[in-house]
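Novice: my questions are about this predicted structure, shown below with the sequence.
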Amino acid sequence: AFLRGAEAAVALERRPDLRVAEARYLRAEAALYEAAAAQYPRLRIGPEWMIGTNSWGGMFQVYLPLDAGRPVRAARERRDAARRELDAAWLAAEEELG
């Protein structure tokens, strides 16, 4: 039977294969954002408790990522692959319904 409008939307919404593909894409998208954020230098300044002396001191740390572009490129490729899988799952589901 050919489904239209709201019936088709409900049928698509209930498909676990689409929910799994969507979750994989969203996870890959989040990993890409994390990799992109990690490619920039970070600076940390603040107080530090010195255990051996039982006193407070100052803390200054600089994190300089080296070759941070590689993880970003890999994360982008994984995100793009997840997007293609999601698109293919949607097309297959729409063909089954139509």
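Specialist: Cool, got the structure.
Novice: any idea which helix or strand of the chain has the worst average confidence?
Specialist: In the chain, no helix or strand scores lower on mean pLDDT, DSSP states H and E than helix 5-13, which sits at a mean of 73.
Novice: let me know the next secondary structure element after that one.
Specialist: Sequence order places helix 16-38 as the next helix or strand after helix 5-13, per DSSP states H and E.
Novice: got a list of contacts for that next one?
Specialist: 12, 65, 68, 71-72, 74-76, 78-79, 81-83, 85-86, 89-90, 93 (Cβ atoms under 8 Å, 6 or more residues apart in numbering). (Each C-beta comes from the backbone N, C-alpha and C, glycine too.)
Novice: what are the buried residues along stretch 9-19?
Specialist: 15, 18 (16 or more other Cβ atoms under 10 Å).
Novice: extract the C-alpha set from that stretch and format it as CSV.
Specialist: The C-alpha trace of stretch 9-19 is given here as CSV (Å, rounded to 0.1, in the frame of the first residue of the first chain):
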residue,chain,number,x,y,z
ALA,A,9,6.0,10.3,8.3
VAL,A,10,4.8,8.1,11.1
ALA,A,11,6.0,5.0,9.4
LEU,A,12,9.4,6.5,8.7
GLU,A,13,9.7,7.8,12.3
ARG,A,14,9.2,4.3,13.7
ARG,A,15,11.9,2.6,11.7
PRO,A,16,14.8,1.6,14.0
ASP,A,17,17.3,1.5,11.1
LEU,A,18,16.7,5.2,10.5
ARG,A,19,17.1,6.0,14.2
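Novice: what separation do you get for the most centrally placed residue in the chain and residue 59?
Specialist: In the chain, the C-alpha nearest the mean C-alpha coordinate belongs to residue 30, at 1.8 Å (Cα atoms, centre = their mean). Going from residue 30 to residue 59 by Cβ to Cβ, to the nearest Å gives 30 Å.
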